[in-house]
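Engineer: kindly return the folded structure for what I paste below:
(one chain, ligands or ions: 2)
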Amino acid sequence: MKQPVRVAVTGAAGQISYALLFRIASGSMLGQDQPVILQLLEITPAMGALQGVVMELNDCAFPLLHDVVISDDPEVAFKDADYALLVGARPRGPGMERKDLLEANAAIFSTQGKAINKVASRDIKVLVVGNPANTNALIAASNAPDLDAGQFTAMTRLDHNRALSQLAEKTGSHTTQIKRMTIWGNHSNTQYPDISNATVDGKAASELVDQTWLEDNFIPTVQERGAAIIKARGASSAASAAAAAIDHMRTWALGTEEGDWVSMAIPSDGSYGIEPGIMYSYPVTCNDGKYSIVEGLAISEFSRARMNTTEDELRQERAAIEHLLG
Ligand SMILES: NC(=O)c1ccc[n+]([C@@H]2O[C@H](COP(=O)([O-])OP(=O)(O)OC[C@H]3O[C@@H](n4cnc5c(N)ncnc54)[C@H](O)[C@@H]3O)[C@@H](O)[C@H]2O)c1
Ligand SMILES: O=C(O)C[C@H](O)C(=O)O
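Structural biologist: Ligands and ions are numbered 1, 2, ... in the order given. Model prediction:
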């Protein structure tokens with residue numbers, strides 16, 4: 001049996017975590033041979049609710065769950081953590097745009113970046129889920145100067161999964177028959193869900209759907225899905241966000257399937273002409289616990305314009321929180 005790994009989760013009493021923690025503890029994230037220790041962070045007023053979540057975790061008697069640590073101190077929760085899922089943040093309510101949350105959440109991620117820098121495993125893999133996820137990840141990474149910025153990532157896997165689902169429905173196929181979907185840019189309504197390289201059961205997706213559907217239906221539906229769920233549920237997506245966080249970490253740790261790729265927001269290295277340093281979602285393959293950008297894809301004029309729009313938004317978000325970058 002492998003040694004347990006330490007998985008820190010913030011916002012552990014919130015709604016995403018309620019769908020997430022039980023799946024991490026059951027082995028869905030890191031595999032059925034990988035024991036875990038959960039290290040859960042909450043704000044002080046939520047510690048009582050968090051105790052209740054821990055009671056339920058214990059009541060599941062998960063074979064892979066070796067211990068649960070709870071704290072309102074980031075330096076306790078991130079101590080020696082091998083993985084961190086930064087979920088805790090103020091979620092968007094009806095009518096709010098993600099950038100409204102920028103300042104409110106920026107302070108949280110600078111504090112947590114500093115704590116991770118100080119106490120976490122030197123090999124930690126960090127996923128930021130809390131919105132605005134890309135820029136929060138940038139803030140956390142820039143406050144962790146002793147770690148590689150590439151250890152910090154933000155979640156666009158939910159957008160990727162939403163895009164798979166929309167295309168599967170349109171083409172009468174199953175999501176598992178679709179390969180090489182791409183989300184470029186920000187986890188916001190400027191993101192660019194791109195089917196240019198996608199295949200459905202081996203056939204080019206772009207030959208199976210028309211341009212009108214792509215422009216008037218697919219792209220806006222994926223871009224606005226978060227808002228549509230808030231409108232319908234009166235609360236932001238939770239179970240699907242948790243499922244995507246599990247997918248993101250599992251792929252990063254255990255690898256992508258041959259011939260396929262996933263979308264992850266990572267520090268840009270300038271690939272595809274994107275501003276270096278911003279947390280931009282790219283198509284990536286993962287192997288041996290490392291991700292690599294899929295290079296050399298042909299970019300049409302249609303794609304380039306959309307990739308630039310979402311890049312511009314990320315540059316603006318960065319400019320708005322420049323003072324918080326370490
Ligand atoms: N990237 C994505 O695809 C995606 C998808 C869905 C939701 N989200 C975002 O995830 C975040 C969490 O959503 P939720 O529905 O679970 O919200 P929630 O309000 O139910 O839970 C958030 C929790 O975080 C806690 N928290 C706040 N500040 C904290 C801090 N400094 N340290 C630790 N914990 C803290 C709160 O007490 C609360 O329990 C939101 O920002 C939401 O917008 C992102
Ligand atoms: O859109 C939101 O604010 C919630 C979340 O990021 C989502 O995409 O569902």
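Engineer: for the stretch 201-326 of the chain, give the residue positioned nearest to ligand 2.
Structural biologist: Gly226 (2.2 Å; Cβ to the nearest ligand atom). To be clear about C-beta, it is placed using only N, CA and C from the backbone, and glycine gets the same treatment.
Engineer: I figured Asn131 was touching Met96, is that so?
Structural biologist: No. Using Cβ atoms under 8 Å, Asn131 makes no contact with Met96, being 9.8 Å away.
Engineer: what about the two, which has more around it?
Structural biologist: Asn131 (25 against 14; other Cβ atoms under 10 Å).
Engineer: hmm, back to that, ok, now how distant is the residue of the stretch 201-326 of the chain closest to ligand 2 from Lys114?
Structural biologist: 29 Å (Cβ to Cβ, to the nearest Å).
Engineer: got it, and Asn308?
Structural biologist: 33 Å.
Engineer: kindly report the same for Thr171.
Structural biologist: 47 Å.
Engineer: and the longest strand along the chain, what's its mean pLDDT?
Structural biologist: Ranked by residue count and defined by DSSP state E, the top strand of the chain is strand 279-287. Taken as a whole, strand 279-287 carries a mean pLDDT of 98.
Engineer: tell me the gap between the helix or strand just after that strand and the middle of its chain.
Structural biologist: The helix or strand immediately downstream of strand 279-287 is strand 290-293, counting by DSSP states H and E. Distance of strand 290-293 from the chain centroid (Cα atoms, centre = their mean, to the nearest Å) equals 15 Å.
Engineer: again with stretch 154-173
Structural biologist: Taking mean C-alpha positions (Cα atoms, centre = their mean), stretch 154-173 and its chain are 15 Å apart.
Engineer: who touches the closest residue to Ile108 other than its chain neighbours in this structure?
Structural biologist: Using Cβ to Cβ, 6 or more residues apart in numbering and skipping residues adjacent in sequence, the residue nearest Ile108 is Ala89, 6.1 Å away. By Cβ atoms under 8 Å, 6 or more residues apart in numbering, the contact set of Ala89 is Gly11, Leu101, Asn105, Ile108, Phe109, Gly130, Asn131, Asn136.
Engineer: against ligand 2, how distant is Ile178?
Structural biologist: Per Cβ to the nearest ligand atom, to the nearest Å, Ile178 is found 20 Å from ligand 2.
Engineer: swap in Gln39?
Structural biologist: 24 Å.
Engineer: repeat that for Ala107.
Structural biologist: 19 Å.
Engineer: next one: Val200
Structural biologist: For Val200 relative to ligand 2 (Cβ to the nearest ligand atom), the value is 24 Å.
Engineer: bridging residues for that residue?
Structural biologist: Ile178, Lys203 (DSSP bridges).
Engineer: Tyr192 too?
Structural biologist: Trp184.
Engineer: show me the contacts for it.
Structural biologist: Ile183, Trp184, Gly185, Ile219, Ser303, Arg306, Met307, Thr309, Thr310.
Engineer: could you do Glu75 as well?
Structural biologist: Ala115, Lys118, Val119.
Engineer: next up, the contacts around the first one.
Structural biologist: Counting by Cβ under 8 Å, 6+ apart, Ala115 touches Pro74, Glu75, Ala77, Phe78.
Engineer: same check on the second one?
Structural biologist: Under the criterion of Cβ under 8 Å, 6+ apart, the neighbours of Lys118 are Glu75.
Engineer: secondary structure class for it?
Structural biologist: At Lys118 the chain is in helix, as set by DSSP: H, G, I helix; E, B strand; the rest coil.
Engineer: relative to Val76, how far out is it?
Structural biologist: For Lys118, the distance to Val76 - Cβ to Cβ - is 12 Å.
Engineer: what's the answer for Leu40, then?
Structural biologist: Leu40 sits 10 Å away from Val76, going by Cβ to Cβ.
Engineer: also Arg157?
Structural biologist: In terms of Cβ to Cβ, Arg157 sits 28 Å off from Val76.
Engineer: those two: which has the busier surroundings?
Structural biologist: Using other Cβ under 10 Å as the criterion, Arg157 and Val76 rank with Arg157 on top: 29 against 16.
Engineer: might one say that that one is in contact with Val262?
Structural biologist: Yes. Using Cβ under 8 Å, Arg157 is in contact with Val262, at 6.5 Å.
Engineer: thank you kindly, that will do.
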